[in-house]
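Novice: Return atomic coordinates for the entry below.
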Amino acid sequence: MSWVPISKKETALWNEKLKNADAVFNQFPYYIANEYNSFLAKSCFIKYVWQEQEVAYAAIIEIGLYPAKMGIIEGGPVLLTNDADVGAIISNLKKFAAKSGYTHLQIRPPINSPAVSIIETDNDFEKKVYFPYHIKENSELNIYNKPEKELLAGFKMQCRRKIVLAGRVGFEYKKAGEKELVDIKNLFNEVSNSKGYGFLPFKIYEAIHKEGRKYNLCDWYTAYLNNELVNAVFIVKDSQSFYHFTSALRVTNYHPNESPPAKLHFFAMQDSFYNDNKAYYNISYGGSNSLVRFKELFNPVEVEKPPYYTYVIKRRTLKWLSGFSKNYAARFRSIIKSMDKLFRK
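Specialist: Just a heads-up that it's a prediction; the model follows:
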């Protein structure tokens with residue numbers, strides 16, 4: 001009865017296994033192994049075995065180097081059976097973290113997971129985030145699967161109008177194949193250079209896409225005008241949903257009211273609900289003020305995620321690390337991202 005590492009050969013199989021579990025995309029190997037794949041940030045995968053049965057699973061982001069290495073579980077652990085002993089799973093997870101030499105283990109359990117109440121009442125966990133201050137969105141913005149007419153009726157009038165007006169322009173909406181990736185990369189580079197948007201290195205998107213496509217777990221959705229790519233949305237998938245991971249837009253040769261993003265997201269939602277039978281479309285929380293206003297046009301339901309909990313193992317080391325301010329940590333991450341970008345460009 002313990003957590004054991006999953007071999008590299010077996011790891012890819014979990015992209016299929018997790019489709020049958022209530023697992024969020026942050027836990028799928030195709031995603032986590034490619035976003036966190038640098039000198040100071042890697043991923044590892046473990047499973048909890050009891051009586052030769054796989055009872056739970058977790059993807060861990062490992063940041064730093066020994067003796068200052070931390071483990072982060074975003075949206076896990078994933079429970080694979082209804083009768084799992086969650087208390088034992090969490091207790092043994094702490095033992096695994098200590099054995100792995102982590103300074104601390106930071107966990108955000110899945111929404112509505114029994115693990116939330118177990119961790120909440122465990123005095124070993126603090127409801128606090130330490131250096132390097134790894135924080136993702138605190139909420140989801142979900143649009144739920146409904147019949148198409150009902151889905152459209154749920155959008156704000158301005159959103160429906162944008163979809164209609166964009167439909168009068170000669171945009172071509174389609175899922176991208178390998179040959180369109182060059183167009184998408186050029187669009188992202190153009191938007192990044194002209195607007196200063198902080199996209200991840202495009203090699204990360206390419207790696208996630210290459211691996212995820214093998215399991216129908218991600219897609220690029222695109223809008224072309226006169227054979228020129230003007231809008232691209234990258235969707236990553238999990239067992240229940242499509243998630244809007246990133247997007248880029250070029251404004252050219254059309255009126256702002258005829259802009260394609262609303263119709264392109266609607267196109268992706270149709271694929272999500274009526275082809276992949278997903279329960280909801282997560283348009284993603286946050287962004288610039290204009291992006292937030294755009295997302296609100298779809299009348300999404302905000303679903304709050306559980307807080308982060310931290311199990312401290314090496315308190316002295318962590319106390320020293322915590323001397324770094326959040327501003328310094330942000331600069332540190334910026335330096336690491338810049339170095340990473342040089343190698344992944």
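Novice: My guess is Asn92 contacts Met1. True?
Specialist: Yes. Using C-beta atoms under 8 Å, Asn92 is in contact with Met1, at 6.9 Å. Where you see a C-beta, it was placed from the backbone N, CA and C, and this is true even at glycine.
Novice: Give the intersection of the neighbour lists for the two.
Specialist: Residues touching both Asn92 and Met1 (C-beta atoms under 8 Å, 6 or more residues apart in numbering) are Tyr48.
Novice: Between those two, which has more neighbouring residues?
Specialist: Shown here are Asn92 and Met1; by other C-beta atoms under 10 Å, Asn92 has more neighbours (17 against 12).
Novice: Against which helices or strands is the helix or strand that contains the more buried one packed?
Specialist: Using DSSP states H and E, Asn92 sits within helix 86-99. For helix 86-99, the packing partners by 3 or more C-beta pairs under 8 Å, 6 or more residues apart in numbering; DSSP states H and E come out as strand 2-5, strand 41-50, strand 53-65, strand 104-108, helix 115-120.
Novice: Sketch out the low-pLDDT regions of this structure for me.
Specialist: 324-345 (pLDDT under 70).
Novice: Break the protein into its domains for me.
Specialist: Annotated domains of the chain cover 2-136+306-344, 139-303 [automatic domain parsing].
Novice: which residues of the stretch 201-345 of the chain fall in strands?
Specialist: With strands called from DSSP state E, counting those that start in this stretch, the stretch 201-345 of the chain shows them at 218-225, 228-237, 241-249, 280-282, 301-304, 309-312.
Novice: what would these look like in JSON lines with mean neighbour count?
Specialist: As requested, these are exported to JSON lines (neighbours: other C-beta atoms under 10 Å):
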{"stretch": "strand 218-225", "mean neighbour count": "22"}
{"stretch": "strand 228-237", "mean neighbour count": "23"}
{"stretch": "strand 241-249", "mean neighbour count": "21"}
{"stretch": "strand 280-282", "mean neighbour count": "25"}
{"stretch": "strand 301-304", "mean neighbour count": "12"}
{"stretch": "strand 309-312", "mean neighbour count": "20"}
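Novice: Is it possible to get CSV of those that adds distance to Pro5?
Specialist: Shown next, in CSV, are the strands of the stretch 201-345 of the chain (distance: least, C-beta to C-beta, whole Å):
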stretch, distance to Pro5
strand 218-225, 25
strand 228-237, 24
strand 241-249, 27
strand 280-282, 30
strand 301-304, 32
strand 309-312, 19
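Novice: between those, which one is nearest to Ser100?
Specialist: strand 309-312 (11.9 Å; C-beta to C-beta).
Novice: Given the closest one, what are its sheet partners and their directions?
Specialist: strand 104-108 (antiparallel), strand 125-126 (antiparallel) (DSSP bridges).
Novice: which outside residues touch the last one?
Specialist: Residues from elsewhere that reach strand 125-126 (C-beta under 8 Å, 6+ apart): 107, 119, 309-312.
Novice: Over to the longest one?
Specialist: Surrounding strand 104-108, the residues in contact under the criterion C-beta under 8 Å, 6+ apart are 70-77, 93-94, 97, 115, 119, 125, 129-130, 134, 136, 305-314, 318.
Novice: Next, the angle from the helix or strand where Ile73 lies to strand 104-108.
Specialist: Assigned by DSSP H and E, Ile73 belongs to strand 68-74. Put simply, strand 68-74 runs at 10 degrees to strand 104-108, going by axes from the mean of the first three to the mean of the last three C-alpha atoms, to 10 degrees.
Novice: okay, the angle between strand 68-74 and strand 41-50?
Specialist: Relative orientation of strand 68-74 and strand 41-50, computed by the same axes, to 10 degrees: 60 degrees.
Novice: Note down every partner strand of strand 68-74 and its orientation.
Specialist: strand 53-65 (antiparallel), strand 104-108 (parallel).
Novice: And for Asp89, the neighbour number?
Specialist: I think there's a mix-up here, since residue 89 is Ile and not Asp. 21.
Novice: I'd like the distance between it and Tyr102.
Specialist: According to C-beta to C-beta, to the nearest Å, Ile89 stands 17 Å off from Tyr102.
Novice: do Tyr205 as well
Specialist: With C-beta to C-beta as the criterion, Tyr205 and Tyr102 are 29 Å apart.
Novice: next one: Ile163
Specialist: Taken as C-beta to C-beta, the span from Ile163 to Tyr102 is 48 Å.
Novice: Which of these two has more residues huddled nearby?
Specialist: Legend: neighbour count by other C-beta under 10 Å for Ile163 and Tyr102, higher for Tyr102 (27 against 20).
Novice: For the stretch 101-250 of the chain, just list every one of the helices.
Specialist: 115-120, 148-153, 157-167, 181-195, 202-213 (DSSP state H, counting those that start in this stretch).
Novice: Tabulate the ones you listed (JSON lines), appending distance to Asn253.
Specialist: Formatted as JSON lines, the helices of the stretch 101-250 of the chain follow (distance: least, C-beta to C-beta, whole Å):
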{"stretch": "helix 115-120", "distance to Asn253": "50"}
{"stretch": "helix 148-153", "distance to Asn253": "27"}
{"stretch": "helix 157-167", "distance to Asn253": "13"}
{"stretch": "helix 181-195", "distance to Asn253": "15"}
{"stretch": "helix 202-213", "distance to Asn253": "25"}
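Novice: quick one: which of these is nearest Tyr281?
Specialist: helix 148-153 (9.6 Å).
Novice: which of the residues in that closest one are buried?
Specialist: For helix 148-153, the neighbour count (16 or more other C-beta atoms under 10 Å) marks Leu151 as buried.
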